[in-house]
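Asker: Got a sequence here, can you model it:
(chains A, B and C)
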Amino acid sequence: MIWKRKNLLGLEELDPEEINFILDAAGSFKEISTRPIKKVPTLRGKTVANLFFEPSTRTRMSFELAAKRLSADLINLSPSSSSLVKGETLLDTVRNIEAFKVDMMVIRHSSSGFPYSLSNLTDVSIINAGDGAHEHPTQALLDLYTIREKKRKIAGLKVAIIGDILHSRVARSNIWGLTKLGAEVILCAPPTLLPREVEKLPVKISYDFEKVIKEADILYFLRIQKEREKRSLFPSIREYVRLFGLNRFRLELLKKDCLIMHPGPVNRGIELDAEVADGPWSVILEQVTNGLAIRMAILYILSGVRTNLKKVR
Amino acid sequence: MIWKRKNLLGLEELDPEEINFILDAAGSFKEISTRPIKKVPTLRGKTVANLFFEPSTRTRMSFELAAKRLSADLINLSPSSSSLVKGETLLDTVRNIEAFKVDMMVIRHSSSGFPYSLSNLTDVSIINAGDGAHEHPTQALLDLYTIREKKRKIAGLKVAIIGDILHSRVARSNIWGLTKLGAEVILCAPPTLLPREVEKLPVKISYDFEKVIKEADILYFLRIQKEREKRSLFPSIREYVRLFGLNRFRLELLKKDCLIMHPGPVNRGIELDAEVADGPWSVILEQVTNGLAIRMAILYILSGVRTNLKKVR
Amino acid sequence: MIWKRKNLLGLEELDPEEINFILDAAGSFKEISTRPIKKVPTLRGKTVANLFFEPSTRTRMSFELAAKRLSADLINLSPSSSSLVKGETLLDTVRNIEAFKVDMMVIRHSSSGFPYSLSNLTDVSIINAGDGAHEHPTQALLDLYTIREKKRKIAGLKVAIIGDILHSRVARSNIWGLTKLGAEVILCAPPTLLPREVEKLPVKISYDFEKVIKEADILYFLRIQKEREKRSLFPSIREYVRLFGLNRFRLELLKKDCLIMHPGPVNRGIELDAEVADGPWSVILEQVTNGLAIRMAILYILSGVRTNLKKVR
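Answerer: Okay, the predicted model is just below:
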């Protein structure tokens, strides 16, 4: 396969072959971070700009390390210290970054669709690191990578996504990725935490948590935002935990080789009890490690496209 | 020519030969950012400290990229997180940076003359990235570079600088640079936005915007700070735009090969209409690209001086 | 000697041989920062994370430069922009950093013992850059290095530590380091600024400043926090300066080859008059330069341990 996209915006638009292409590439990059010298010269002389409009350690750091381990130059633009303070339009900011001959921009923003609009305005490759409640493609890719590595397949698996699906870009990207690769997705949440037009998504829905955890090959828990309680999206945290939390008593219901996943950070005692989050079923930290490999792969793949495009012109 | 200055503080003190020396050097550095591998090992093992006391994306990022593309090590000191919080004097901060064997410091500060005072206290090369309403030499150098590249000369050109000249360090540095290289400078602004002793500057003054834009080879627009309106420095933004704004109706008055320049960020709809800022006369984004080349040249030139000074000692 | 510790947490736990091992290593690293090309490839492909929960220029910058001059990759995690905002536990943050295959974490935190607790939770090497009023080992190591370099020995020297010992992690680390290497330590402060169980420390105490400065080989001044005045830990700043401040009139009491040291930043006019801080007795800026060498040595030594540990496993 030859990769042709300038950007990585979301999984909804990718076809299965493209997704597998990224997962395969990540395999070779994962090994680099296990070496004593965790660095290759692959992207020397390329420039990556990190532009995070929402706070983030995990994802920002993951991209920063991915860039550094590939020997790319990385610039962190924190919007608070930026010209945006002076009232510059976003278009101008992006045009300026382009004028600096930056190769790739990693963007997180609270508005759904924001990186899509940007990508039409610039030749720079745009990587969506989370846009509102819309998509978070590198998260879903690292989840797919983790599942494939552990289960040796994705097609045919039953994956339950549990929790605040309404507000979750992680859920949305995973739904697209998992179903495109042939997994069956079951959403499990209180009705108030399901998205409005959920019936249009290629998923099943269940409100019976105990039944779901008995049958699933993968249990993917989402973070509960405690603030939602006030907005009455569910009766109370305590009630939520009783109905949808995974504690050690429920562990015995799980399939023997079931995987427990979570995009982090975990609310210990809410979605997962501490002993479950840290227990043998959990692959949460492996997700983090694989995230680095996925982001190295994405930077590598998109940078190749730009080089090729330039040659063609 | 052999460059002998430790610092780049302002264009007022440079002679034409020195200015041309920098512009010539920038020419060879500009090419680096067009390569697939935008990096050279020229300043490997040199250290640059960025010390910005005012918010900045463009200039800070430009210096950061310039340093990285020359393989220098760069440190960002944000004054808020620094010892200045603990009440350390600036002298102590600078002495400490010197003790770390930093080669060059890039400084932006709201007080005019600040980098000049600093430069007398230290062996470190000081680069003025903007001091109050006084000078912003790398901005003027990139403007001169852009003009020279587009017009193949500077001497004899008519350059109009339009807008808030009173508060503009960009205007001041450009006045010195342009006149030293033989251009004629015309300031065009409401009288309240002209500096007090403007008659001592080597410039002409005009209040007739339409006459000015007909005759000029270069129209250099400054950013209007909307806050000035409250301080009654001009009647109203609307009135300002009517008198000194460039819209598409006025475009037909321009000379055919006139260049429109702006240090950014543009207030679209005030100094320039969006279609003017983005139109074929505008070289605003090329200014940004050239800024990177100018800053690479400055870091390179000043770093050579230090090395030579050390050899001599 | 073969270094066996994963972490550098404090000097209390080190034996004299270990301390000298670090000081010896720093000697060879100091030379690097005097070269025209201040960079060696020693730690290429290693990753260092800076995690400062308290503001710092000096120490953070020193570690950052140390990492860069050894060609390590460095990541600055500022807790305000981190997932800690989202309420992630510290354990999770550390586990995540570990999952990114970071080699070393540099931590400053206001709680005594914090880096110690962390170090038990992770395989990553932890370097304590200051924990509450407990220890600041790299500061004491650079102080020891400076004394040894200037005096050609440490054993047998009389070192007076003067000022706010109660709140000083610098004092505590120096007390351990100095006494382990055979120096005699005299604490000199108002009784309210001495730690509660001072009699358990291997030090002498004196309230007679003028007697102390006559006899000492080293005068180590600590920073007075002006805020303490309000909490009535001493009568007034003016009174403190009269009793424990070093001005030029008192300079003549000093031994001829006495060294004046201070961890910085100096309150000029309080602990030390400006002319004393900048005078020939002062080695304050050499302390800063040596700090860089010490931190390079620490990163080098601990990184070697990790590599060896991995080989063993």
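
Asker: What is the neighbour count of the closest residue to chain B within the stretch 1-150 of chain A?
Answerer: Residue nearest to chain B within the stretch 1-150 of chain A (Cβ to the nearest Cβ): A:Gly45, separated by 3.2 Å. In this view, the C-beta of every residue, glycine as well, is placed from N, C-alpha and C. A:Gly45 sits with 20 neighbouring residues when counted by other Cβ atoms under 10 Å in any protein chain shown.

Asker: SS state for it?
Answerer: coil (DSSP: H, G, I helix; E, B strand; the rest coil).

Asker: Next up, the contacts around the residue nearest to it when sequence neighbours are not counted.
Answerer: Excluding its sequence neighbours, the residue lying closest to A:Gly45 (Cβ to Cβ, 6 or more residues apart in numbering or on different chains) is B:Ile37, at 3.2 Å. Taking Cβ atoms under 8 Å, 6 or more residues apart in numbering or on different chains, we find B:Ile37 in contact with A:44-46.

Asker: Can you give me the pLDDT of B:Ile37?
Answerer: Looking at B:Ile37, its pLDDT is 95.

Asker: Which positions in chain A make contact with chain C?
Answerer: Residues of chain A lying close to chain C by Cβ under 8 Å from any Cβ of the partner chain are A:33-39, A:55-58, A:60-62, A:64-65, A:68-69, A:78, A:226, A:264-268, A:285-286, A:288-289, A:292.

Asker: Helix, strand or coil: sort out the residue nearest to A:Gly45 for me.
Answerer: B:Ile37 is classified as coil under three-state DSSP.

Asker: gap between it and B:Arg169?
Answerer: From B:Ile37 across to B:Arg169, the span is 35 Å (Cβ to Cβ, to the nearest Å).

Asker: before we move on, back to that, give me the phi and psi angles of the residue nearest to A:Gly45.
Answerer: The phi and psi values for B:Ile37, taken as degrees, to the nearest 10, are phi -110, psi 100.

Asker: How about A:Asn76?
Answerer: phi -100, psi 120.

Asker: Burial check on A:Ala293, number of neighbours?
Answerer: Neighbours of A:Ala293 (other Cβ under 10 Å): 26.

Asker: Could you do the one 4 residues further on as well?
Answerer: A:Ala297: 26 surrounding residues under other Cβ under 10 Å.

Asker: Could you do A:Asp15 as well?
Answerer: 10.

Asker: residues contacting it?
Answerer: With Cβ under 8 Å, 6+ apart, A:Asp15 has these contacts: A:Lys180.

Asker: of the contacts of B:Ile37, closest to C:Tyr220?
Answerer: A:Arg44 (45.7 Å; Cβ to Cβ).

Asker: which residues in chain A form helices?
Answerer: With DSSP state H as the definition, chain A shows helices at residue ranges A:16-30, A:58-69, A:90-99, A:114-119, A:137-151, A:169-180, A:209-215, A:237-244, A:248-251, A:274-277, A:284-312.

Asker: from what I can see A:Leu272 touches A:Arg248, true?
Answerer: No. A:Leu272 is beyond contact range of A:Arg248, at 10.2 Å (criterion: Cβ atoms under 8 Å).

Asker: higher neighbour count, those two?
Answerer: With neighbours defined as other Cβ under 10 Å, A:Leu272 and A:Arg248 compare such that A:Leu272 has more, 25 against 11.

Asker: That one: what's it in contact with?
Answerer: A:Leu272 neighbours (Cβ under 8 Å, 6+ apart): A:221, A:245-246, A:260, A:262, A:266, A:282.

Asker: what do you get if the cut-off is 7 Å, keeping everything else the same?
Answerer: The contact partners of A:Leu272, by Cβ atoms under 7 Å, 6 or more residues apart in numbering or on different chains, come to A:221, A:246, A:262, A:266.

Asker: what's the distance between the third one and A:Val276?
Answerer: In this structure, A:His262 and A:Val276 are 10 Å apart, going by Cβ to Cβ.

Asker: Which residue, other than its chain neighbours, is closest to the residue nearest the centre of chain A?
Answerer: Nearest to the mean C-alpha position of chain A, by Cα atoms, centre = their mean, lies A:Gln139 at 1.4 Å. Computed as Cβ to Cβ, 6+ apart, the closest residue to A:Gln139 that is not its neighbour in sequence is A:Val170, at 5.1 Å.

Asker: Is there a neighbour count for that neighbour? I'd like the number.
Answerer: 26.

Asker: measure it to A:Gln287 for me?
Answerer: Distance from A:Val170 to A:Gln287, by Cβ to Cβ: 11 Å.

Asker: remind me which residues of the stretch 101-250 of chain A are low pLDDT?
Answerer: A:228-231 (pLDDT under 70).

Asker: Kindly recompute the last result at 80.
Answerer: Residue ranges of the stretch 101-250 of chain A with pLDDT under 80: A:225-235.

Asker: which parts of it sit against chain B?
Answerer: Proximity of the stretch 101-250 of chain A to chain B (Cβ under 7 Å from any Cβ of the partner chain) is limited to residues A:Lys101.

Asker: closest one to C:His109 among the helices of chain A?
Answerer: Per Cβ to Cβ, nearest to C:His109 of the helices of chain A: helix A:58-69, 18.7 Å.

Asker: Starting from A:Phe234, give me the distance back to the closest residue to A:Leu233 other than its chain neighbours.
Answerer: Leaving aside its sequence neighbours, A:Leu233 sits nearest to A:Thr192 (Cβ to Cβ, 6+ apart; 4.7 Å). Per Cβ to Cβ, A:Thr192 is found 6 Å from A:Phe234.

Asker: With that, I have no additional questions.
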